[in-house]
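Student: Model the following, please.
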Amino acid sequence: MDKKYHHGDLKIQLIKTGLHMIQEDGINKLSLRKLTQLCNVSEAAPYSHFKNKGELLIAIQEYITEQLQKRLEDAYERTEHSNSPIAILNMGKAYVQFFIRYPEYYSFLFAQPYLKIDLSMDNKPNTFEPFQYYKEKAYTIYKNEGFSEERIKYGIIAMWAKVHGIAAIASMQGVNRDFEWEDVLDKILVE
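Tutor: Numbers count the residues shown, from 1 in each chain. You can find the predicted model right below:
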């Protein structure tokens, strides 16, 4: 574990180290005291960022969510014709690729009781931002394609379920495969 950080990076270092601790020892063994030892900082240092372990867990969830959100936004914005269905495909690929790269993020994020996902077409506050972003962009694209409201709703849920399921499988340990995910994502997501 890299113990070097700049003063302004301590919060991110604590979050990343905390996530690593959870992956290694489980959420019940996460402690701010051990975290300070691993980050080579004083025992008081984490308390300037988190009041307790619960706040650290929320900060880890928010960090992962922000990183995923950025990936989806980048995928959408990099699409040459962002108003086309290709943008939806690119966001789906970005979602799966994110969790292929960071499988520990998947297992942590979707085990949290604080995570709220709204599958309705409403835009309710305090729900999982990456899904809200995907839903808004996909809705506009499908609407421009002339799809009915019902088809849009179930199309959005189906595509998200597909990428979420692929991400779950890709982030699992012990899955035997004879292909690279990157090589088959287009085929799997389009079918």
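Student: contacts for the host helix or strand of K187?
Tutor: Using DSSP states H and E, the secondary-structure element containing K187 is helix 181-190. Outside of helix 181-190, the residues that reach it under the criterion C-beta atoms under 8 Å, 6 or more residues apart in numbering are 89, 92-93, 96-97, 100, 159, 162-163, 166, 170. Just so you know, the C-beta spots here come from the backbone N, C-alpha and C atoms, and that holds for glycine as well.
Student: OK, contacts around A75?
Tutor: Taking C-beta under 8 Å, 6+ apart as the criterion, A75 is in contact with 87, 90-91, 93-94.
Student: how about a cut-off of 7 Å?
Tutor: Taking C-beta atoms under 7 Å, 6 or more residues apart in numbering as the definition of contact, the neighbours of A75 are 90-91, 93-94.
Student: Please apply the same query to L68.
Tutor: Residues in contact with L68, defined by C-beta under 7 Å, 6+ apart, are 98, 130.
Student: Kindly report the same for Y63.
Tutor: Under the criterion of C-beta under 7 Å, 6+ apart, the contact partners of Y63 comprise I15.
Student: Quick check: the gap between K135 and H81.
Tutor: Note on K135: its distance to H81, by C-beta to C-beta, to the nearest Å, is 20 Å.
Student: Oops, could you answer that again for L189 instead?
Tutor: Going from L189 to H81 by C-beta to C-beta gives 18 Å.
Student: Tell me, how many residues neighbour K116?
Tutor: By the other C-beta atoms under 10 Å criterion, the neighbourhood of K116 contains 12 residues.
Student: now it, nearest residue through space, not along the chain?
Tutor: Residue nearest to K116 in three dimensions, not counting chain neighbours: T127, with 4.8 Å by C-beta to C-beta, 6 or more residues apart in numbering.
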